[in-house]
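1. Only the shape, not the letters, is given here:
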C-alpha cells in the first residue's frame with residue numbers, strides 16, 4: 001500500500017495517479033461483478049492505452065460537496081475529537097486505489113457527503129445510507145486496511161443539526177465480494193492489454 005500524502009485531489013497529478021485504476025467510486029460495479037464491471041474494465045483499458053482519464057460527471061450537488069467538505073471535516077473534528085489526516089490517494093497496487101476524505105487514527109476513515117436539502121432531510125429521517133456509498137466505504141476500508149469509516153453528512157442549512165455522523169464497520173462479506181470483483185477486473189484488464197500490445 002502506498003499513500004500519496006501531498007497529492008491534492010482533483011489536480012492533474014491526482015488524475016495521473018488514478019489513471020487506469022479501479023477506485024472506490026466504482027465499488028458497486030466491482031462488487032456486483034456483472035456487465036457494469038465489463039464496461040468499467042474497458043474504460044480502464046482505454047485510459048491506459050490512450051493516457052487520457054475519463055472526466056467524471058459533476059453536477060451542482062457534487063460541486064457544493066467539494067466546497068463544503070473542509071467545513072464538514074472541521075466540524076467532524078470538533079464533534080468527535082478525532083484528528084483527520086488528509087491524503088490525496090491510497091494505492092493498493094498498480095490497478096487499485098481510492099481517495100478517502102480522510103484517515104482517522106490507525107483504524108478509521110471518514111467519508112463526507114454534502115447533499116441537497118431534500119436528500120439531507122431524507123437521510124435525517126430514515127438513516128438509510130445509499131448502497132453505492134456503502135460499497136464505496138467498504139472498498140476504501142479494503143484498500144487502506146481500516147476497520148471502520150465514519151459516514152459524515154453535512155448541510156449547514158439545518159442550523160439545529162448541520163452534521164450527522166454514523167460509523168460504518170468493515171464487513172468481511174462485502175470485502176470478499178470486492179476482492180473477487182477486483183480479481184476478475186484485473187484479469188480481464190490484463191487480457192485486453194496483452195491483446196492490444
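-> Cool, got the structure. Computed from a predicted structure; not experimentally measured.
2. How many residues are close by residue 170?
-> 18 (other Cβ atoms under 10 Å). No exception for glycine: its C-beta is placed from N, CA and C like everyone else's.
3. and the helix or strand containing residue 125, which residues are buried?
-> The secondary structure element spanning residue 125 is helix 117-126 (assigned by DSSP states H and E). For helix 117-126, the neighbour count (16 or more other Cβ atoms under 10 Å) marks 120, 123 as buried.
4. average model confidence for that helix?
-> pLDDT averaged over helix 117-126 equals 91, rounded to a whole number.
5. And for stretch 68-87?
-> The model assigns stretch 68-87 a mean pLDDT of 94.
6. can you pull the buried residues of that stretch?
-> For stretch 68-87, using 16+ other Cβ under 10 Å, the buried residues are 68-69, 72-73, 75-76, 80, 82, 84, 86-87.
7. I would like the residues contacting it, please.
-> Stretch 68-87 has contacts (Cβ atoms under 8 Å, 6 or more residues apart in numbering) with 3-5, 7, 99-105, 108, 110, 112, 114, 150, 152, 154-156, 162-163, 165.
8. Next step: those residues restricted to strands.
-> Within these, residues falling in strands by DSSP state E are 3-4, 102-104, 108, 110, 112, 150, 152, 154, 163, 165.
9. Taking these together, which two end up most distant?
-> Distance extremes for those: the farthest pair is 4 and 163 at 27.4 Å, using Cβ to Cβ.
10. From residue 82, how far out is the closest residue to residue 84 other than its chain neighbours?
-> Using Cβ to Cβ, 6 or more residues apart in numbering and skipping residues adjacent in sequence, the residue nearest residue 84 is residue 102, 3.7 Å away. Relative to residue 82, residue 102 is positioned 9 Å away (Cβ to Cβ, to the nearest Å).
11. Now the common contact residues for these two.
-> With contacts taken as Cβ under 8 Å, 6+ apart, the residues that reach both residue 102 and residue 82 are residue 110.
12. Show me what secondary structure element comes after whichever helix or strand residue 68 is part of.
-> Secondary structure assigned from DSSP H and E places residue 68 in helix 60-80. On the C-terminal side of helix 60-80, the nearest following helix or strand under DSSP H and E is strand 84-85.
13. Return the distance of that following strand from the chain's centre.
-> Strand 84-85 has its average C-alpha position 16 Å from the chain's average C-alpha position, going by Cα atoms, centre = their mean, to the nearest Å.
14. neighbouring strands for that strand, and are they parallel or not?
-> Within its sheet, strand 84-85 is paired with strand 102-104 (antiparallel), according to DSSP bridges.
15. what comes up buried for the partner strand?
-> Of the residues in strand 102-104, those buried under the neighbour-count criterion (16+ other Cβ under 10 Å) are 102-104.
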